[in-house]
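Asks: Kindly return the folded structure for what I paste below:
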Amino acid sequence: MRFEEVPVDDSFRGKATREFHDYLEKNGKVLIAVRKGDDIIIRPPLDSTLDCEFAILISQNDR
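Replies: This is a model prediction of the structure:
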């Protein structure tokens, strides 16, 4: 497993965090936190609106 920070695609911005969370889960990744500027929100509420630039997640190592 590895941590990575990835840009949030514009198609998810303004939508419920749950939609992004579910998308990541279907692709074998787990949302840990989101970052907007210098602010990091750990375990963002799934019913909140996704308004961030980057997501911090766990994914499997590519072999």
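Asks: Any idea what Lys36 is bridged to?
Replies: Beta bridges link Lys36 to Asp39, judged by DSSP bridges.
Asks: show me what contacts it?
Replies: By Cβ atoms under 8 Å, 6 or more residues apart in numbering, the contact set of Lys36 is 51-54. Every residue, glycine included, has its C-beta placed from N, CA and C.
Asks: wait, doesn't Phe3 sit right on Ile56?
Replies: Yes - here Phe3 reaches Ile56: they are 6.6 Å apart, a contact under Cβ atoms under 8 Å.
Asks: Compare these two (neighbour count), which wins?
Replies: Taking neighbours as other Cβ atoms under 10 Å, Phe3 and Ile56 compare with Ile56 leading, 17 against 10.
Asks: how far away is the more buried one from Val34?
Replies: 7 Å (Cβ to Cβ, to the nearest Å).
Asks: which residues of this structure fall in strands?
Replies: Secondary structure of the chain (DSSP state E): strands at 2-7, 29-36, 39-42, 54-59.
Asks: Of all those, which one comes closest to Tyr23?
Replies: Closest to Tyr23 of these is strand 29-36 (Cβ to Cβ; 8.8 Å).
Asks: buried stuff in that closest one?
Replies: 29, 31-34 (16 or more other Cβ atoms under 10 Å).
Asks: Mind putting these into a markdown table with pLDDT and distance to Ser11?
Replies: Output for the buried residues of strand 29-36, formatted as a markdown table (pLDDT from 0 to 100; distance: Cβ to Cβ, whole Å):
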| residue | pLDDT | distance to Ser11 |
| --- | --- | --- |
| Lys29 | 94 | 16 |
| Leu31 | 96 | 16 |
| Ile32 | 97 | 21 |
| Ala33 | 97 | 20 |
| Val34 | 97 | 15 |
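Asks: Tabulate those residues (a markdown table), appending distance to Ile41.
Replies: A markdown table is the format used below for the buried residues of strand 29-36 (distance: Cβ to Cβ, whole Å):
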| residue | distance to Ile41 |
| --- | --- |
| Lys29 | 17 |
| Leu31 | 11 |
| Ile32 | 10 |
| Ala33 | 6 |
| Val34 | 5 |
